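A.B. asks: here's a sequence, model it:
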Amino acid sequence: MGKDYVVSDCIEHPEKNRCVDIIQQRDGKYRFQEWRRDSEDTTGWILLLDSQPVVFDSEATAMSAAQLRCIWLKAQSNPETFRAAGS
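C.D. replies: All right, here's what the predicted structure looks like:
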């Protein structure tokens, strides 16, 4: 049995310790997930947030919602803000 979804985009934090997946479901709707990993922990990525049961009609809408929930992602999409936050 195959997956019920496809990861259509994955945006990783520059420090490689967080990422957001934009997921297209079989029904054509989108959702997002935020993941974290710690360098000391060898178990891999840990799910922090899944937008489901809330789903979105487009990838762009899911990305906008992810940016509202994941502050680092919004800052990363605005290079001036991201540089200031990293200083």
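A.B. asks: contact partners of the longest helix anywhere in the chain?
C.D. replies: As assigned by DSSP state H, the longest helix anywhere in the chain is helix 59-69. The contact list for helix 59-69 (C-beta atoms under 8 Å, 6 or more residues apart in numbering) reads 8-9, 20, 22-24, 30-32, 34, 49, 51, 54, 56, 73-74, 77. C-beta here means a position set from N, CA and C on the backbone, and glycine is covered the same way.
A.B. asks: and the buried ones among those residues, selectable in ChimeraX?
C.D. replies: Filtering the contacts of helix 59-69 down to the buried ones (16 or more other C-beta atoms under 10 Å) takes a single ChimeraX command:
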select :20,22,23,24,30,31,32,34,51,56,73
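A.B. asks: so where do the strands sit in the chain?
C.D. replies: 5-12, 18-25, 30-36, 46-50 (DSSP state E).
A.B. asks: next, format these as CSV and append mean pLDDT and distance to A66.
C.D. replies: Compiled in CSV, the strands of the chain are given as follows (pLDDT from 0 to 100; distance: least, C-beta to C-beta, whole Å):
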stretch, mean pLDDT, distance to A66
strand 5-12, 95, 8
strand 18-25, 96, 5
strand 30-36, 97, 4
strand 46-50, 96, 9
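A.B. asks: let's have those in JSON lines, adding distance to A60.
C.D. replies: Listed next are the strands of the chain as JSON lines, based on distance: least, C-beta to C-beta, whole Å:
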{"stretch": "strand 5-12", "distance to A60": "10"}
{"stretch": "strand 18-25", "distance to A60": "9"}
{"stretch": "strand 30-36", "distance to A60": "9"}
{"stretch": "strand 46-50", "distance to A60": "19"}
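A.B. asks: which ones are touching the most centrally placed residue in the chain?
C.D. replies: Computing the C-alpha centroid of the chain and ranking residues by C-alpha atoms, centre = their mean puts V20 first, at 1.5 Å. Residues near V20 by C-beta under 8 Å, 6+ apart: C10, I11, F32, Q33, E34, W35, A66, C70, L73.
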